[in-house]
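Asker: sequence? don't have it. structure:
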């Protein structure tokens, strides 16, 4: 899976004594703690990090004090670093444009 979720959701539905819906609550939980610190050979984790490393936003890596080499970052380079069905530059462009739409200044964005 190119973008599998690491989190699960449990929805509890509450009914009153007469059987009518009276409410609900949701619990979000981590599915696999090991995936936070380890990647399978054919997986990627932390997709937004690959977006940051894509060079779509000029000087972003420098502002974040990141190197130019994804392999300097163990937690994101144990498995795949690219996926044919995911365009990291395009995803970063969409995120950058979303910050503009929301009215973030350049200083607030980065």
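Answerer: Received it, and whenever you're ready, just let me know what you need. Here the structure is a predicted model, which means the values were calculated and not measured.
Asker: for the rest of this, base every contact and every neighbour count on C-alpha atoms.
Answerer: Fine.
Asker: show me where the chain has strands.
Answerer: For the chain, the strands defined by DSSP state E occupy 7-15, 21-30.
Asker: averaged pLDDT, the lengthiest helix in the chain. What do you get?
Answerer: With residue count as the measure and DSSP state H as the assignment, the chain has helix 88-101 as its longest helix. Taken as a whole, helix 88-101 carries a mean pLDDT of 94.
Asker: in it, what's buried?
Answerer: Judged by neighbour count using 16 or more other Cα atoms under 10 Å, the buried positions of helix 88-101 are 88, 89, 91, 92, 93, 96.
Asker: how close does the fourth one sit to residue 53?
Answerer: In this structure, residue 92 lies at 9 Å from residue 53, with Cα to Cα, to the nearest Å as the measure.
Asker: confidence score at the nearest residue to residue 67 once chain neighbours are set aside?
Answerer: Using Cα to Cα, 6 or more residues apart in numbering and skipping residues adjacent in sequence, the residue nearest residue 67 is residue 61, 6.8 Å away. pLDDT recorded at residue 61 is 93.
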